[in-house]
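>>> here are the coordinates; sequence isn't available:
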C-alpha cells in the first residue's frame, strides 16, 4: 500500500492511502494547500451522513485517501469543494437540477460541477 504522510505545524499527523479510484461515499476534504502537495487531492468520509447532525461537519481522519492528479485538475477540485461540489453524486445532482441558479454561490457551484464532472467520473468507483 502506497501512502502519503503529512505533518502540519500543529501536531496533526495524517496518513493518506494513495489510491486510483475513490469509493462513492467519500467526499473531497476541503483543506486546499494545507495538505502539503499540489499533485494529490484528499478524500475521506464524514462522521455522519445526516446534515442535521453536528457530526456531519466532521471528517474521519482514520479513513483518508488521496489520488494523484495533474495540478490543473487538483486546482479545479479544490475550487469545486469550496462550493460544496464534493463527489460525483453531488456533482450530478447539481447539474441535473431544474432550478436556475440565482445567487453567486449557486452559479459558481454549477460552473464547478460542470468543470469537475469528467474528473469525478474518471476517479470514482
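Sure, I can see it. Treat the numbers as computed from the prediction; the structure is a model and nothing was measured.

>>> shaky segments in this structure?
Low-confidence segments of the chain (pLDDT under 70): 50-57.

>>> run the last query once more with 90
Applying pLDDT under 90 to the chain flags the ranges 1, 6-14, 24-25, 30-38, 46-62, 98-99.

>>> how distant is the biggest helix by length in the chain from the center of its chain?
Secondary structure of the chain read by DSSP state H shows that its longest helix is helix 104-123. Distance of helix 104-123 from the chain centroid (CA atoms, centre = their mean, to the nearest Å) equals 11 Å.

>>> ok, and what's touching that helix?
With contact meaning CB atoms under 8 Å, 6 or more residues apart in numbering, helix 104-123 is reached by 20-22, 67, 69, 73, 76-77, 79-80, 83-85, 87-88, 90-92, 94-95, 97, 101. Every C-beta, even on glycine, is put in place using the N, C-alpha and C of the backbone.

>>> buried sites along it?
Residues 106, 108-113, 115-117, 119-120, 123 are the ones in helix 104-123 that count as buried (16 or more other CB atoms under 10 Å).
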